[in-house]
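**Student:** coordinates for the following, if possible.
(2 chains)
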Amino acid sequence: MYNFLTPLTTNDFNQKTEFLIEDFLPKKLITMIYADGGMGKSWIAFGIAKYAAQLNMHVIYLDYDNPINVLKDRGIETNLINAHPNLDYSHRSKALLEPIAMLEAFEQMAVGDKYGNTLFILDSLRNFCEVKSDVSAMRVSEKLMNLREAGATILVLHHSTKNGSNYEGSNNLRNSIDNMFRLIKADAPAGEIRWLLEVKKERAAITDTALSMRVDDLSLTSIDIETVKLNSEEKDFIEQVESVLAEQGSLNKTQLLEAIGHKKDDKTARDRLDRFDGIHWQSEKTKGVYTYSVI
Amino acid sequence: MKKIFIIMLAVMPLTAIADYDVERIKNEMAASELLKINAWKLNEAGNAWMAEHDLPNTVISANKATTGIMRGVASQLDALSAMGGCSELGDIGFEVKDDKRVADLLVNLLTTQKEQSLTANNIVYTAQLLELGNQVMFGCTLKPVLEQ
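**Tutor:** Numbering: from 1, shown residues only, chains lettered A, B, ... in the order given. From the prediction side, this is the model:
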């Protein structure tokens, strides 16, 4: 009766949420990852960009944050930009337009399912708007939502408040972003980065996720969330072992357990030694005896 | 003496002191009939401007480091129109009317499909075709030499 309202049809509701990364990164939605500096926001985005490019998605990485020398040091030219012709990396130094104008250029083309197989990565949000200004945040949000309506999958990197508990800026951002994760860097073996991603807002069926990435080739893998979630007892245990090994050098398992106040048959302590082996210390088995040392 | 005068006339357009002055560039762009700019709008941070204009599928922005035009290209007509806009930006940047160097550069861009740039008077003019998925965009920028 009111045709001008173009009512939703059953088909519109039959669309199922597809994931780029299961339970973590839904397609055709806007996902924000926020963290304090040094947590590896760009690193995880590089890993996600590579993962999506390998799945033949078209990736548009809008980098207005990282200096060129950092990209070079991280091997981004080799492992990402030159490795995937379906990935377009737009860097601040060569950008044609202001960050928000770049978004507008894409928005102007956003018709139908134009970006149905496209992943946009914004690194990072504060370069695209004044995050504390409601008007500015709303302006960039509208552009992102228009890209989303044209099928785009959007990943927004953003900074947290000083204590890391929330994202920085206007509440308008929360209203327009579909899913939000807080990024926490976890301990990892050399050559690897591990993260815990805590769900902070969800519109799709996302869950807390743990990811690991090799820094030499940006390969990203899902890992058991328990491996990156440490309780205070485990943290104390790790600190004690590291301290003892730093002071005393190599110790066998019994000596090490005794040095940190555990009996040699304490199963929990023995399990912990195994669990963090290769991450916080290393062991070598010689004639049936394990010897531990710092990495 | 006559020879020297002729040489000076020939070289003059190349040695015009343009430099990257964003205010001058904005004003001349706004005065251009080709670019159809109605107004420049300052962003919330107060460090960049976006043009309000009547060109289809086009975004124009300016700040102290870059002035750029980007246009989605879906047809030959679009490409010609984008070329016109970029030619105008180059002319404004170098302060040379109908600058042959800019025209040649844009022809080279279309022929080779590779990014082209030209540096003169402390300004770098760059033009490129960007293929973003199934979208082709024609873009050009002016930047101060020191920012490169």
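
**Student:** CA only for contacts and neighbour counts going forward, please
**Tutor:** OK.

**Student:** got the phi and psi for the residue nearest the centre of chain B?
**Tutor:** In chain B, the C-alpha closest to the average C-alpha coordinate belongs to residue B:89, at a distance of 2.7 Å (CA atoms, centre = their mean). Phi and psi for residue B:89, reported as degrees, to the nearest 10, are phi -60, psi -40.

**Student:** same check on residue A:63?
**Tutor:** Dihedral pair for residue A:63: phi -100, psi 110, per degrees, to the nearest 10.

**Student:** which ones are touching it?
**Tutor:** A:89-92, A:121-124 (CA atoms under 8 Å, 6 or more residues apart in numbering or on different chains).

**Student:** ranges for the strands of the stretch 151-295 of chain A?
**Tutor:** Assignment of strands within the stretch 151-295 of chain A using DSSP state E, counting those that start in this stretch yields the ranges A:153-159, A:179-186, A:192-201, A:209-214, A:220-222, A:251-252, A:281-286, A:289-294.

**Student:** and the stretch 51-200 of chain A, which residues reach chain B?
**Tutor:** A:58, A:60, A:86, A:88, A:93, A:96-98, A:101-102, A:104-105, A:108-109, A:118, A:129-130, A:133, A:136 (CA under 8 Å from any CA of the partner chain).

**Student:** that older thread, residue A:259: which of the strands of the stretch 151-295 of chain A is closest?
**Tutor:** Nearest to residue A:259, of all the strands of the stretch 151-295 of chain A, is strand A:251-252, at 9.3 Å by CA to CA.

**Student:** pairing partners for residue A:90 in the sheet, please.
**Tutor:** Applying DSSP bridges to residue A:90 yields these beta-bridge partners: residue A:62.

**Student:** tell me the confidence at it?
**Tutor:** If you check residue A:90, the pLDDT there is 91.

**Student:** could you do residue B:12 as well?
**Tutor:** 48.

**Student:** next one: residue B:3
**Tutor:** Residue-level pLDDT assigned to residue B:3 equals 59.

**Student:** Throw the strands of the stretch 151-295 of chain A into CSV and include mean neighbour count, thanks.
**Tutor:** Output for these, formatted as CSV (neighbours: other CA atoms under 10 Å in any protein chain shown):
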stretch, mean neighbour count
strand A:153-159, 25
strand A:179-186, 23
strand A:192-201, 20
strand A:209-214, 22
strand A:220-222, 17
strand A:251-252, 16
strand A:281-286, 14
strand A:289-294, 18
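
**Student:** quick one, which of the ones you listed is nearest to residue A:232?
**Tutor:** That would be strand A:179-186 among the strands of the stretch 151-295 of chain A, by CA to CA, at 13.8 Å.

**Student:** the stretch 101-250 of chain A: helices as residue ranges?
**Tutor:** Along the stretch 101-250 of chain A, counting by DSSP state H, counting those that start in this stretch, helices occupy A:134-149, A:171-176, A:225-228, A:232-248.

**Student:** okay, and residue A:71 sits in which element?
**Tutor:** Under the criterion of DSSP states H and E, residue A:71 resides in helix A:68-73.

**Student:** give me every residue in chain B lying close to chain A.
**Tutor:** So chain B meets chain A at B:44-45, B:48, B:50, B:57-63, B:66-72, B:132-133, B:139-141, B:148 (CA under 8 Å from any CA).

**Student:** so which of these are in strands?
**Tutor:** With strands taken from DSSP state E, the overlap with these comprises B:48, B:50, B:58-63, B:67-72, B:132, B:139-141.

**Student:** rewinding a little: closest to residue B:31 out of the contacts of residue A:63?
**Tutor:** residue A:92 (28.2 Å).

**Student:** number of nearby residues for the residue nearest to the closest one when sequence neighbours are not counted?
**Tutor:** Using CA to CA, 6 or more residues apart in numbering or on different chains and skipping the chain neighbours, the partner closest in space to residue A:92 is residue A:64 (4.6 Å). Counted with other CA atoms under 10 Å in any protein chain shown, residues neighbouring residue A:64 total 21.
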